[in-house]
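> take a look and give me a structure for this.
(2 chains)
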There are 2 protein chains.
Amino acid sequence: MQKPSLPKGTRDFGPIQMARRNFILDSIKETFQLFGFSQIETPAMENLNTLTGKYGDEGDQLLFKILNSGDYLKKVSDADLTAGYQTTLPKVSEKGLRYDLTVPFARFVVMNRNELSFPFKRYQIQPVWRADRPQKGRYREFYQCDADVVGTDSLLCEAEIILMIRSVFKKLKLEDYSIKINNRKVLTGISEAIGEAGKEGPLCVAIDKLDKIGWEKVKEELSERGFGTSSIEKLAPLVHLEADQAGKLSFLKEFLASSEVGLEGVRELEEVFQILKAMGESLDFVDLDIMLARGLSYYTGAIFEVKVNHVSIGSVSGGGRYDNLTGVFGLKGVSGVGFSFGVDRLYDVLEELGLFPDDQLQSTKVLLAHFDAQAYSYAMGLLQKIREAGIKAELYPDVTKMKKQLDFASKKAIPYVAICGDEEIKTGTVSLKNLDTGEQEQLSMEACLERLKD
Amino acid sequence: MQKPSLPKGTRDFGPIQMARRNFILDSIKETFQLFGFSQIETPAMENLNTLTGKYGDEGDQLLFKILNSGDYLKKVSDADLTAGYQTTLPKVSEKGLRYDLTVPFARFVVMNRNELSFPFKRYQIQPVWRADRPQKGRYREFYQCDADVVGTDSLLCEAEIILMIRSVFKKLKLEDYSIKINNRKVLTGISEAIGEAGKEGPLCVAIDKLDKIGWEKVKEELSERGFGTSSIEKLAPLVHLEADQAGKLSFLKEFLASSEVGLEGVRELEEVFQILKAMGESLDFVDLDIMLARGLSYYTGAIFEVKVNHVSIGSVSGGGRYDNLTGVFGLKGVSGVGFSFGVDRLYDVLEELGLFPDDQLQSTKVLLAHFDAQAYSYAMGLLQKIREAGIKAELYPDVTKMKKQLDFASKKAIPYVAICGDEEIKTGTVSLKNLDTGEQEQLSMEACLERLKD
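The predicted model follows:
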């Protein structure tokens, strides 16, 4: 006998959490499908050579590795053991758990390139695993929820990503949020325009921290990373720019006049806005943020980030365009754009704002309760009729005290109890009790079904 | 650059396979919910002490183990290495991937026993992993789909399992199948009645093979397992019994007259049938199979097995009652009954019978196609209106030849293409082409939406 426990950084999801998570995931799935995205799933395990080298050194450290089956030491020599665990690693483990959904998707596209119709729009909702140090809001197993279009560089895709975020938030009744957009080419252009061409990498890393550490600290970091004082000073008007969208665009055109790639970035942003207008959408909710960088180095075009206002949780969605997702697996020239929702964070946001709809999340609508064996048998005859009407129903499965049955319904948040006793058997009725109001009415089956369908 | 591949025994699920799997899983989920079951999920990884010793020696071998992070060899001594991999194993790995959904569920119930309302009805649909030798129809990663009720010994649960199987099969349009039921106590009673009390274990193992190897071979096996010749001969009338349900029950009552537990099993079977009758259900589809044993030793009451007739695939569902699921984790006296659907097998059955409904599985309903940049822009204005009507729609995202756009729709099995060109722009219409019939009509947006809603 042992006291069971969960591995560090992992969670069970009980009935209420699952109902709430499904409310979020169903809203996301409906939207993805409305926009023509198809679901795929990939295995939890991938060969380690698919995963390693894709997430940087730190990422490689955080991969969960599967021990080879049987005598996993059989390929390990004494010399390997002396050399240390890193030398033995490839000999004791060939598989790892997926670290994100992007690399498995790239592998999927390459392996299935002859069967897929491009542009290929896929969504994928599966857990990923990272051997990170667990802390508040950071788990070793968590769900990712990605949608990507590959095989086209059409900016319609960027516009549709914005519309999909809007559509999901409407379903979740989230109203106060901002969708930030920028373009990686604008950032490349800025590094050119300030005389630090080719250094957009460190520029992005530093700028990414603007919100958190402020302009003064960012300046220090840039200086440490070898940016000249005059270059840094040239950034100041951008950092302090306060203008509406049109104002920002015209400022950028002037600022980036010397940078071809920078102007291309501005043109792409303008085209996304034009497409949104052509689709009849207001641009009020799209926030052009010239300082939005996002850490990931593989973005090459648009970048997105979404925050819900007035909550303590950070960004709940983000993404961008990448030009060479599948190159590492030997398939060049496949442009794509994608984004993902942070399901755990959306959960926390909806909880903080009290937006989970209790009604929709209830499981059972009515419990059939009974005073004795005869009434139990009578209730059995009613149960299937209620279910045939599509109403989620349970029959208390033991002959026991009425109070115990009512307590059960109340604890499980079942809103109605249909009570059966001698009187109901005699008249072919049930006594329907509303547990919220305490009201109770004796009803025919037809009337009872009508009441429960509301 | 590397050619990517999948680990042995694992699979990707592409768009069509996912749509078909979701059709099956949605039917199952709807039924579970209608019957008052709540969904839970547990982590992919469990502590190895939760998993080991629960599935027999062979099962322990088949567990996928996770290598400890960092220097996984740090706790391993030279003496451990000399002793071999089995001695080092507990020092390099503390976690494993779940092998089934039953043991994690037992752990969940024990850890959450103070928060749950009993009887607790849960369902769980998640992948499991087994380091088995892959072969046709046997994978190293596959989904299990379980429903269990714990905390009651009411036989209503057994009856409801039969009704749930019926409900799912109705949704899947499966009509020709048999639900076999037996009771472990009947098997115990039989071993007593033939004078081999306490040997129901080997009796079940041998009887389980009756379908596959026939009565003569089963007799040989029983003899090898130490059953006396006269005991084996006493079994013959049972094996050869041909009778209807009532006939089988009365035969059993006589055969088991000397066995208290055997008669208890018969009483339980009768009560399940009575409950089904009280619920207004016909018993025609329930097949009392006295020889049904099922391998798993933890069943203590009812046992179920479901086969679809006239297909090459074995049983697609099964389950039973167990009296001590949570005992191993220190919680005694929790009786439960559960069953599961074999999702991969149901997939193969529906494919073999051609029962996947093409209409319901289509993703996008209409593709907006366009002759030039102006028509592309016009189509953008229509796209959101179509989606607002709840119709799954895509706009071809590049200005290209009409043939290429039609080919895309056809390859993706999109049934309608709404063509936009000069004429449509001028009149504010679209030309809706049905790709099945080849018919094309010029329609107002209102008429187009009506047509697409059908």
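
> how about residue A:127: which residues does it bridge to?
The partner list for residue A:127 in beta bridges (DSSP bridges) reads residue A:143.

> how many residues are close by it?
Number of residues near residue A:127 (other CB atoms under 10 Å in any protein chain shown) recorded here: 20. C-beta: built from backbone N, CA, C; applies to glycine.

> thinking it is in contact with residue A:143, fair?
Yes. Between residue A:127 and residue A:143 there is a contact at 5.3 Å, judged by CB atoms under 8 Å.

> overlap in contacts of the two?
Counting by CB atoms under 8 Å, 6 or more residues apart in numbering or on different chains, no residue touches both residue A:127 and residue A:143.

> mind checking the SS state of whichever residue of the stretch 151-300 of chain A sits closest to chain B?
Nearest residue of the stretch 151-300 of chain A to chain B: residue A:154, at 3.5 Å (CB to the nearest CB). Here residue A:154 is recorded as coil under DSSP: H, G, I helix; E, B strand; the rest coil.

> ok, it - contacts?
Counted by CB under 8 Å, 6+ apart, residue A:154 has contacts A:119, B:397, B:398.

> which among these gets closest to residue B:65?
Distance to residue B:65, by CB to CB, is smallest for residue A:119 among the contacts of residue A:154, at 40.9 Å.

> skipping adjacent residues, who's closest to the closest one in space?
residue A:152 (4.0 Å; CB to CB, 6 or more residues apart in numbering or on different chains).

> residue A:156 too?
Using CB to CB, 6+ apart and skipping the chain neighbours, the partner closest in space to residue A:156 is residue B:397 (4.3 Å).

> and for that neighbour, the neighbour number?
There are 20 residues near residue B:397, going by other CB under 10 Å.

> against residue A:106, how distant is it?
Taking CB to CB, to the nearest Å as the measure, residue B:397 falls 20 Å from residue A:106.

> low-scoring stretches of the stretch 1-150 of chain A, by residue?
Across the stretch 1-150 of chain A, the ranges flagged by pLDDT under 70 are A:1-2.

> what are the ranges of the helices in it?
In the stretch 1-150 of chain A, the segments counted as helices under DSSP state H, counting those that start in this stretch are A:15-34, A:48-51, A:56-62, A:78-83, A:85-92, A:102-111.

> which of those sits most buried?
Mean neighbour count (mean count of other CB atoms under 10 Å in any protein chain shown) peaks for helix A:102-111 among the helices of the stretch 1-150 of chain A, with a mean of 23.

> right, is that helix up against chain B?
Yes. For helix A:102-111, a contact with chain B is found by CB under 8 Å from any CB of the partner chain, at A:107, A:108, A:110, A:111.

> now those in CSV, with distance to residue B:48?
Output for these, formatted as CSV (distance: CB to CB, whole Å):
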residue, distance to residue B:48
A:107, 29
A:108, 31
A:110, 35
A:111, 33
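
> nearest to chain B, of the residues you listed?
Within these, the smallest distance to chain B is 4.3 Å, found for residue A:107 (CB to the nearest CB).

> I figured that closest one hits residue B:4, correct?
Yes. Residue A:107 is in contact with residue B:4 according to CB under 8 Å; the separation is 4.3 Å.

> okay, and the common contacts of those two?
Both residue A:107 and residue B:4 are contacted by A:50, A:329, under the criterion CB under 8 Å, 6+ apart.

> what residues are up against residue A:210?
A:218, A:239, A:291.

> in strands, which of the contacts of residue A:154 appear?
The strands in this structure, assigned by DSSP state E, contain none of these.

> and these, which is closest to residue B:337?
residue A:119 (49.1 Å).

> the closest one: how many residues sit nearby?
For residue A:119, the neighbour count with other CB under 10 Å is 21.

> for residue A:230, same thing?
Around residue A:230 there are 9 other residues, counting by other CB under 10 Å.

> next: the one 3 residues further on.
For residue A:233, the tally of surrounding residues (other CB under 10 Å) stands at 11.

> need phi/psi at the closest residue to residue A:258 other than its chain neighbours.
Take residue A:258 and drop its neighbours on the chain: the residue closest to it by CB to CB, 6+ apart is residue A:193, 5.9 Å away. Torsion angles at residue A:193 (phi, psi; degrees, to the nearest 10) stand at phi -70, psi -30.

> give me the residue at the spatial middle of chain A.
In chain A, the centroid-proximal residue (CA atoms, centre = their mean) is residue A:341; its distance is 2.7 Å.

> what sits against that residue?
Counting by CB under 8 Å, 6+ apart, residue A:341 touches A:28, A:145, A:168, A:316, A:317.

> I'd like to know which of those residues are buried.
A:28, A:145, A:168, A:316, A:317 (16 or more other CB atoms under 10 Å in any protein chain shown).

> which members of those residues occur in strands, if any?
A:145, A:317.

> rebuild the buried ones among the contacts of residue A:341 as TSV, extending it with distance to residue B:334.
Conversion of these to TSV gives the following (distance: CB to CB, whole Å):
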residue	distance to residue B:334
A:28	36
A:145	35
A:168	40
A:316	40
A:317	42
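
> which one of the buried ones among the contacts of residue A:341 is nearest chain B?
Comparing the buried ones among the contacts of residue A:341 against chain B with CB to the nearest CB places residue A:168 closest, at 13.0 Å.

> what residues are up against that closest one?
A:27, A:28, A:31, A:341 are the contacts of residue A:168 under CB under 8 Å, 6+ apart.

> per-residue pLDDT of residue A:156, please?
Predicted confidence (pLDDT) for residue A:156: 97.

> that one and residue B:383 touch, don't they?
No. Judged on CB under 8 Å, residue A:156 makes no contact with residue B:383 at a distance of 9.1 Å.

> what residues are shared contacts of the two?
residue B:395.

> where does the nearest residue to residue A:253 once chain neighbours are set aside fall, helix, sheet strand or coil?
Nearest residue to residue A:253 in three dimensions, chain neighbours excluded: residue A:266, at 5.8 Å (CB to CB, 6+ apart). Recorded secondary structure, residue A:266: helix (three-state DSSP).

> so residue A:266 versus residue A:278, what's the distance?
Here the criterion is CB to CB. By it, residue A:266 lies 19 Å from residue A:278.

> neighbour count: the two, which is higher?
residue A:266 (23 against 18).

> quick revisit: nearest to residue A:357 among the contacts of residue A:168?
When the contacts of residue A:168 are compared for distance to residue A:357 (CB to CB), residue A:27 comes out closest, at 10.9 Å.
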